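Participant: I would like to see how this sequence folds:
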Amino acid sequence: MFAFLTAQRKAPRRRATAPLALVATLGLLVAACAPGEIGLSPGGGGARLSAQETVDVALLVPGGSGDSGNDALARNLENAARMAVADLGTDRIELRVYDTAGRPERAGEVARRAAADGADIILGPVFSGAARAAGQAVADHGINVLSFSNNPEVAGGNVFVLGPTFANTARRLLAHAGTQEIGRVAVVQERTNAGDVGRRAVEDAARATGVRVATVESFEFSQQGVVDALSDMVEGIRESGARAVVFTSDSAGALPLVTQLLSENRVDPEDYQYIGLTRWDVPASTLEERQLQGGWFAMPDPDLAARFRARYESRYGSAPETIAGLGYDGIAAIGALLESRGGDALTRASLTQPSGFAGVNGVFRLLPDGTNERALAVATIRDNEVSVIDPAPRSFGAAGF
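Facilitator: Got it, this is the predicted structure:
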């Protein structure tokens, strides 16, 4: 779903409007948490707004390429963003949609067009190359980019990533492992950029939580690559003293095969706790994998996610893709900051307020390095169904962070 996944500018004339009427529909509205306690100085990069100014939000989505999957992502993101605007109950946010076709060069072009059209902030695009290109295109215009990417390598400067990161997931899972007296873990990664990012995330999380990475085992990203590396992986894991194995692969990639072969060759999940950096409930067929029963993975609060899914389906007639919640979160966070921070709403200081936001899938915050931190539950698979074993925290500073 995800691919690895202050200059002055001329703005069009704007109209004065009524103050925001924040509507907490079914408790799903994103709001700035405890804004009176933030204590941040204004400024820090990003558009400055005048009182009651209409905010132009450019939504960059991967439509226009003819690829049905990308077109579906684009529709989901636009639908969720428009739902957020409706829930805010304001005419202060003007949403303009731009198709990137999922290509970096196109993303740069439409980002520059959005700046010329008077955009105050960019929401999207999805893919990491497109996010980087969009950020570079508007860096000199004082415009921040809230991308839907989960790749930390594109974060920084004026680019933020809203997608769930390996770093966030690894910290959550290894912290939980520590509470279960698991002090040593093995990492199994594919030799890809995503695998490298996942492995580094586990190593960083281990240092932060006191859990030790006992060994790192890797394989070429192919079926034959897994088979060829199996013997060395088994030997490395068994000799390392690890009590758990952390997998960076996802269900669409090597996860089913590598876990099956390890489970059949003396790295049995009854002896080693299997842990995944990716969502093991997506697609749902992954829940039927025998060797993943009892394994751990992280996910947003399932109750909050279900409420958003139900509202989206009621409005649009079909269930949203997992990424859709990011479109809602981005728009609604902007609306909350307009209410609490006024003219400084879109500055870096406001976007990175430590108290964060209450999103449709739980609390989250943007970090100064451009990445994010999200509240995650730890779940396991029991009898082919998801079961939460450690609920997602409801605020920063609570257990789980």
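
Participant: residues in contact with residue 242?
Facilitator: Contacts of residue 242 were listed using CB atoms under 8 Å, 6 or more residues apart in numbering, and they are 184-186, 214-215, 272. From N, CA and C alone the C-beta is placed, and that goes for glycine too.

Participant: same thing with residue 123?
Facilitator: 57-60, 81, 146, 327, 330-331, 334.

Participant: which SS state does residue 253 fall under?
Facilitator: Here residue 253 is coil, with the state taken from DSSP: H, G, I helix; E, B strand; the rest coil.

Participant: find the nearest non-adjacent residue to it, please.
Facilitator: Sequence neighbours aside, residue 190 is the residue nearest to residue 253 in space, at 6.7 Å (criterion: CB to CB, 6 or more residues apart in numbering).

Participant: what sits opposite the one you found in the beta ladder?
Facilitator: In this entry, residue 190 is beta-bridged to residue 219, by DSSP bridges.

Participant: in helices, which of the contacts of residue 123 appear?
Facilitator: Counted as lying in helices by DSSP state H, out of those, are 81, 327, 330-331, 334.

Participant: so how far is stretch 130-148 from its chain's centroid?
Facilitator: On the basis of CA atoms, centre = their mean, to the nearest Å, stretch 130-148 is displaced by 17 Å from the centre of the chain it belongs to.

Participant: go on, stretch 115-129?
Facilitator: 17 Å.

Participant: how long is it from one end to the other?
Facilitator: 19 Å (CA to CA, to the nearest Å).

Participant: give me the pLDDT value at residue 90.
Facilitator: Looking at residue 90, its pLDDT stands at 89.

Participant: ok, it touching residue 336?
Facilitator: No - here residue 90 does not reach residue 336: they are 11.0 Å apart, not a contact under CB atoms under 8 Å.

Participant: now do the shared contacts for these two.
Facilitator: By CB under 8 Å, 6+ apart, no residue touches both residue 90 and residue 336.

Participant: so which of the two has more stuff around it?
Facilitator: residue 336 (23 against 20; other CB atoms under 10 Å).

Participant: tell me who's in contact with residue 378.
Facilitator: Residue 378 touches 172-173, 176, 296-298, 388-390, counting by CB under 8 Å, 6+ apart.

Participant: one more pass at 10 Å, please.
Facilitator: Taking CB atoms under 10 Å, 6 or more residues apart in numbering, we find residue 378 in contact with 169, 172-173, 175-177, 179-180, 275, 296-299, 388-392, 400.

Participant: looking at this, it is in a strand?
Facilitator: Yes - under three-state DSSP, residue 378 falls within a strand.

Participant: return the set of residues that bridge with it.
Facilitator: residue 298, residue 390.

Participant: quick one on the thing from earlier: of the contacts of residue 378, grab the buried ones for ChimeraX.
Facilitator: In ChimeraX, a selection of the buried entries from the contacts of residue 378 looks like this (16 or more other CB atoms under 10 Å):
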select :169,172,173,175,176,177,275,296,297,298,299,390,391,392,400
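
Participant: nearest spatial neighbour of the residue most central in space within the chain, chain-adjacent residues omitted?
Facilitator: Taking CA atoms, centre = their mean as the criterion, residue 163 is the residue nearest the geometric centre of the chain, at 1.7 Å. Distances taken as CB to CB, 6+ apart place residue 150 nearest to residue 163, at 3.0 Å, with adjacent residues excluded.

Participant: hang on, isn't the residue nearest to residue 253 packed against residue 223?
Facilitator: No - Residue 190 is beyond contact range of residue 223, at 11.5 Å (criterion: CB atoms under 10 Å).

Participant: tell me which of the two has more neighbours.
Facilitator: residue 190 (26 against 12).

Participant: check contacts around the more buried one.
Facilitator: Taking CB under 10 Å, 6+ apart, one finds 196, 198-199, 218-222, 225-226, 229, 247-250, 253-255, 258 in contact with residue 190.

Participant: and what of residue 162?
Facilitator: By CB under 10 Å, 6+ apart, the contact list for residue 162 reads 123-124, 131, 146-150, 323, 325-327, 329-330, 333, 359, 364, 366, 371-372, 374.

Participant: could you tell me how many residues sit around the nearest residue to residue 286 once chain neighbours are set aside?
Facilitator: Leaving out its chain neighbours, the residue that sits closest to residue 286 by CB to CB, 6+ apart is residue 251, at 4.3 Å. Residue 251 sits with 20 neighbouring residues when counted by other CB under 10 Å.

Participant: okay, residue 251: pLDDT?
Facilitator: At residue 251, pLDDT is 97.

Participant: same check on residue 52?
Facilitator: pLDDT at residue 52 comes out at 62.

Participant: the helices in the stretch 1-150 of the chain, which residues?
Facilitator: Ranges of helices in the stretch 1-150 of the chain, per DSSP state H, counting those that start in this stretch, are 68-88, 104-116, 128-138.

Participant: okay, those in TSV with distance to residue 352 and mean neighbour count next?
Facilitator: As requested, these are arranged in TSV below (distance: least, CB to CB, whole Å; neighbours: other CB atoms under 10 Å):
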stretch	distance to residue 352	mean neighbour count
helix 68-88	20	21
helix 104-116	21	20
helix 128-138	16	25
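
Participant: dump the contacts of residue 242 to JSON lines, plus distance to residue 103.
Facilitator: Listed next are the contacts of residue 242 as JSON lines, based on distance: CB to CB, whole Å:
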{"residue": "184", "distance to residue 103": "44"}
{"residue": "185", "distance to residue 103": "38"}
{"residue": "186", "distance to residue 103": "38"}
{"residue": "214", "distance to residue 103": "42"}
{"residue": "215", "distance to residue 103": "39"}
{"residue": "272", "distance to residue 103": "42"}
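
Participant: weed out the non-buried ones from those.
Facilitator: Among those, those classed as buried by 16+ other CB under 10 Å are 184-186, 214-215, 272.

Participant: those residues in strands, which ones?
Facilitator: Among the buried ones among the contacts of residue 242, the members found in strands (DSSP state E) are 184-186, 214-215.

Participant: run through the strands of the stretch 201-350 of the chain in chain order.
Facilitator: 212-219, 244-247, 273-276, 296-299 (DSSP state E, counting those that start in this stretch).
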